[in-house]
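Enquirer: need a structure here:
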Amino acid sequence: MRRIADFAYDHSKLIIILVVIINIIALASFFRFELDTNFLNFFTEGNPRAEEYHQLSQKYESGESITILIEGEESLLTKENMAEIFALQQQIGTIDGIAMVQGFIPPQVVINGSPVAVDADFINANHQMLADFIENEYFFTGQFLAEDGFSGVLAASLEVDANEGDVLKSLEEAAQLEGQLDVSFAGNVVIRDTLQDYLVRVLLTLPPCAIVLVLLVFYFFLRKFKFTIMALMPAGIAALWTFGTIFWSGQELNIASVISPLFIIVMGAADGLHYISHFRDNIPKYTDRRQLTRATLEMVGMPIFLTTITTMAGFASLVWTDVIPMRHMGIFVTLGIGYAGLLSLFFLPALLSRVKLPQVEKKKENNRLSRLVTAVSRQRLLITVFFTVIIVVSAVFIPRLEVVSDQLMFFKEDSEIRQTFARVEENFGGALPLTGELISDTGEEALADYDYASKVLAVERELEELNGIGSAFSVFDIVKGMNKMATGNDVYPQNPAMIQALLSQIDEGAKATWIAEGGFRIMVKTKGLGSEDVVALDDFVAENQDTIRTVTGLPVLFDEMNQIVVQSQIQSLALALALIFIMLWLILKKISAAIMGLLPVAITILAIMGMLAITGFNLNIMTATLSAIAIGVGVDYSIHLISGIYYYRRQGKNRLDSVDAALRTVSGPVLANAFGLAIGLSAFYLSPLLIHIHVASVMWVAMMVSSMAALFLIPIFYSWGGKNKE
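Expert: You can find the predicted model right below:
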């Protein structure tokens with residue numbers, strides 16, 4: 001460490017200039033800023049479920065669908081409401097990117113055996129007849145109009161290559177109705193658009209809030225504003241460099257990587273705090289800056305190096321996951337923590353060698369905090385009972401932990417988007433429908449096969465009996481419904497000529513979304529579909545593989561992603577623990593030290609899992625990453641304390657004295673960092689996203705348990721059998 005200290009001191013001006021240049025380059029990268037909220041991009045290339053979904057969308061020329069929820073204080077079948085809804089439907093149909101729009105108002109009705117087009121004049125002149133037709137004869141009514149008639153939906157199907165953001169904006173402009181109807185939107189496009197707005201708010205508000213919170217905690221501990229700012233500088237610059245790395249590499253920010261700088265700012269500040277803390281304590285002891293830099297780095301240089309690589313290992317374990325946002329988070333936070341460690345070892349000493357230092361009083365050997373920590377660390381029975389309770393309670397509740405397959409989990413329960421989706425699902429089925437394919441070797445000719453049609457319709461009705469399934473609908477239901485309107489018979493027609501005549505009334509563009517070579521598309525609306533329901537659905541498809549080729553969709557893909565997340569977490573935890581154990585063993589050269597360094601981390605992981613189960617949180621793309629993160633961060637406290645103990649042993653102190661001396665030196669920075677990190681990440685409580693609130697709660701538990709376990713369990717091991725010198 002002396003060489004590093006001398007290098008930083010001798011080349012301080014060059015180091016500072018180099019950092020400034022890199023900062024300018026990183027700032028220049030922001031013109032490449034992009035956000036990616038496309039859920040389908042969460043999967044690695046070649047994922048069977050995702051590939052299947054893409055292939056079906058291309059085969060049936062079906063883009064995303066936006067559900068327009070219309071609600072009124074009276075029935076939507078009044079003349080005024082029907083006229084307003086019809087005008088809205090017509091306007092939506094003219095928007096660029098809209099392939100088709102459907103609702104409960106039919107495009108035509110049958111009068112005296114002849115089809116008559118429905119337009120504004122027809123509604124005005126024949127309102128009551130049309131209302132009766134919709135209520136009693138139109139086969140699409142149940143899909144688009146609630147039973148009480150006070151709410152309905154329009155389904156706007158987008159073209160495959162449509163600009164979804166522009167389409168949604170046009171829809172919102174068209175929905176500015178003058179009447180008494182309320183219009184809101186649901187669908188995957190709405191989720192992505194809302195997420196994009198929320199992520200921008202997260203970027204603009206959370207990092208500044210986190211910086212302010214961390215500064216307040218650090219100032220409370222350091223008591224000098226200049227030292228407080230400099231303690232946070234390595235982490236702040238590292239976050240900027242991370243943004244530069246992301247943007248210059250051509251990557252976009254996603255739901256996970258968007259908060260990477262926040263983790264870097266809060267977690268990377270630990271090394272800066274430890275260096276500044278020990279540097280401040282050494283100021284009264286050394287008048288020469290070179291000697292001051294050497295002494296400080298000899299004390300904290302190796303712990304900073306160790307904590308940097310172990311924290312990097314915790315995040316790096318996410319790199320091998322199959323979920324792209326988690327992988328990006330693992331890559332970029334690993335780099336960011338590395339940047340922060342590098343800046344703490346070189347830039348911070350260089351900067352402190354050139355700035356004017358504030359006056360610092362000699363630190364008291366036994367301050368109130370260190371005396372309290374030392375006293376508590378000797379209560380072995382109490383400490384053992386406390387952590388045993390944490391382990392037992394966590395072990396009891398962990399089996400109750402669930403994986404939630406809900407794309408709306410990102411949002412708070414009382415958010416407008418969740419409320420809208422809930423109302424749509426209650427009356428019309430989920431706004432994120434599933435898509436399946438019926439098998440047909442003869443193509444469109446199978447529609448004329450009465451036996452095959454009857455089998456398909458029977459399978460659809462069986463499918464609707466499954467938990468989580470609201471309705472199933474295909475072109476066979478359309479033919480059956482049109483036959484009912486034409487003949488009054490609610491059966492599938494047996495006459496091929498009749499079937500052909502009915503099919504001729506369907507627009508060719510609409511027909512292409514239902515019929516393709518070798519199959520027919522089936523749309524399945526969900527109602528409270530869960531992970532167990534997805535398993536039952538897969539079993540149903542397997543049992544009816546002679547009729548149904550597949551059923552997929554965003555809810556199924558989201559369940560797939562969560563399963564991957566859980567599998568990835570197990571792999572990440574095992575990998576992170578193994579990497580950190582090997583690092584501790586090689587550097588500390590003592591297997592006992594490596595084991596003791598991981599003990600607080602193991603307890604912390606159990607506490608995190610137990611807290612998730614107790615609070616009703618769940619495993620998802622964000623919370624599943626936090627255990628691996630907690631390993632890399634929580635082990636830092638163990639490293640600082642163990643390094644301090646060995647440092648004082650080399651000074652000639654006995655077992656108990658070396659532990660006490662290490663606690664006096666390390667407990668302050670450790671607790672300041674733990675509370676600083678937890679309080680800094682409390683900025684997540686200001687996020688509009690529910691999963692970020694989960695992150696803040698988990699990190700509070702992680703930091704408190706890991707810091708206390710390090711400060712109170714490790715001293716028991718290292719002071720066992722030692723005698724204190726009076």
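Enquirer: Read off the pLDDT value for the residue sitting furthest away from the middle of the chain.
Expert: Within the chain, residue 112 marks the point farthest from the mean C-alpha position, 56.9 Å out by C-alpha atoms, centre = their mean. Per-residue confidence (pLDDT) for residue 112: 71.
Enquirer: Kindly report the same for residue 588.
Expert: Looking at residue 588, the pLDDT reads 68.
Enquirer: I'd guess residue 209 is in a helix, am I close?
Expert: Yes. Counting by DSSP: H, G, I helix; E, B strand; the rest coil, residue 209 is found in a helix.
Enquirer: what's the next secondary structure element after the helix or strand where residue 562 lies?
Expert: Per DSSP states H and E, residue 562 falls inside helix 554-588. Going down the chain from helix 554-588, the next helix or strand is helix 591-615, by DSSP H and E.
Enquirer: For the helix or strand following that next one, what is the distance to the chain centroid?
Expert: The first helix or strand that comes after helix 591-615 along the chain, using DSSP H and E, is helix 623-650. Relative to its chain's centre, helix 623-650 lies at 26 Å (C-alpha atoms, centre = their mean, to the nearest Å).
Enquirer: Next: stretch 690-704.
Expert: Averaging C-alpha positions (C-alpha atoms, centre = their mean) puts stretch 690-704 13 Å from its chain's average.
Enquirer: How about residues contacting it?
Expert: Defining contact as C-beta atoms under 8 Å, 6 or more residues apart in numbering, one finds that stretch 690-704 is touched by 202, 206, 259, 409-413, 604, 607-608, 611-612, 615, 617, 620-623, 626, 629-630, 633-634, 674-675, 677-678, 681-685, 687. C-betas here are computed from N, CA, C, even on glycine.
Enquirer: What subset of those is buried?
Expert: For the contacts of stretch 690-704, a burial check counting by 16 or more other C-beta atoms under 10 Å picks out 202, 206, 259, 409-411, 604, 607-608, 611-612, 617, 620-623, 626, 629-630, 633-634, 674-675, 677-678, 681-684, 687.
Enquirer: Might you list the low-confidence residue ranges for the stretch 251-400 of the chain?
Expert: 359-367 (pLDDT under 70).
Enquirer: Contact partners for residue 198?
Expert: With contact set as C-beta under 8 Å, 6+ apart, residue 198 has these partners: 410, 687-689.
Enquirer: and it, how far is that from residue 246?
Expert: Distance of residue 198 to residue 246, computed by C-beta to C-beta, to the nearest Å: 19 Å.
Enquirer: same deal with residue 583?
Expert: 26 Å.
Enquirer: Same question for residue 471.
Expert: 43 Å.
Enquirer: Among those two, which residue is more densely surrounded?
Expert: residue 246 (26 against 19; other C-beta atoms under 10 Å).
Enquirer: So that one sits against residue 333, correct?
Expert: No. Contact criterion C-beta atoms under 8 Å: residue 246 and residue 333 do not qualify, at 10.7 Å.
Enquirer: Now list whatever residues contact both of these two.
Expert: residue 260.
Enquirer: Tell me, how many residues neighbour residue 651?
Expert: 10.
Enquirer: Return the residues in contact with it.
Expert: With C-beta under 8 Å, 6+ apart, residue 651 has these contacts: residue 658.
Enquirer: in stretch 12-29, what's buried?
Expert: 12, 15, 19, 26, 29.
Enquirer: which SS class is the last one?
Expert: The assignment at residue 29 comes out as helix when based on three-state DSSP.
Enquirer: Please apply the same query to the third one.
Expert: The assignment at residue 19 comes out as helix when based on three-state DSSP.
Enquirer: Name the nearest residue to it, ignoring sequence neighbours.
Expert: residue 347 (5.3 Å; C-beta to C-beta, 6 or more residues apart in numbering).
Enquirer: show me the contacts for the one you found.
Expert: By C-beta under 8 Å, 6+ apart, the neighbours of residue 347 are 8, 15-16, 19, 233-234, 237.
Enquirer: Tell me the one of these nearest residue 434?
Expert: residue 237 (47.5 Å; C-beta to C-beta).
Enquirer: any idea which helix or strand carries the closest one?
Expert: Following DSSP H and E, one finds residue 237 within helix 225-248.
Enquirer: Report the distance from that helix to the chain centre.
Expert: 24 Å.
Enquirer: Just name whatever secondary elements it is in contact with.
Expert: When contacts are defined as 3 or more C-beta pairs under 8 Å, 6 or more residues apart in numbering; DSSP states H and E, helix 225-248 sits against helix 12-28, helix 188-222, helix 260-282, helix 324-342, helix 348-352.
Enquirer: Compare these and report which one is nearest to residue 438.
Expert: helix 188-222 (23.3 Å).
Enquirer: contacts for stretch 538-553?
Expert: 49, 52-53, 56, 432-439, 455-456, 459, 462-463, 466, 519, 522, 524, 537.
Enquirer: on that earlier part again, and the helices and strands packed on helix 225-248, which is most packed in?
Expert: With neighbours taken as mean count of other C-beta atoms under 10 Å, these reach their highest mean count in helix 260-282, at a mean of 26.
Enquirer: Restrict the strand or helix carrying residue 5 to CA atoms and write it as CSV.
Expert: Using DSSP H and E, residue 5 sits within helix 2-10. Only the C-alpha atoms of helix 2-10 are listed here, as CSV (Å, rounded to 0.1, in the frame of the first residue of the first chain):
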residue,chain,number,x,y,z
ARG,A,2,3.0,2.3,0.5
ARG,A,3,3.7,2.2,-3.3
ILE,A,4,0.1,3.2,-4.0
ALA,A,5,0.3,6.0,-1.5
ASP,A,6,3.5,7.3,-3.0
PHE,A,7,2.2,7.0,-6.5
ALA,A,8,-1.0,8.9,-5.7
TYR,A,9,1.0,11.6,-3.8
ASP,A,10,3.7,12.0,-6.5
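Enquirer: buried stuff in it?
Expert: Buried residues in helix 2-10 (16+ other C-beta under 10 Å): 4-5, 8-9.
Enquirer: Closest to residue 94 out of these?
Expert: Among these, and counting by C-beta to C-beta, the member closest to residue 94 is residue 8, at 66.3 Å.
Enquirer: Could I get the full set of helices for the stretch 401-550 of the chain?
Expert: Secondary structure of the stretch 401-550 of the chain (DSSP state H, counting those that start in this stretch): helices at 416-428, 450-463, 475-487, 496-503, 508-512, 531-543.
Enquirer: Go through the ones you listed and name the closest to residue 155.
Expert: Among the helices of the stretch 401-550 of the chain, helix 416-428 sits nearest to residue 155 (C-beta to C-beta), with 9.2 Å.
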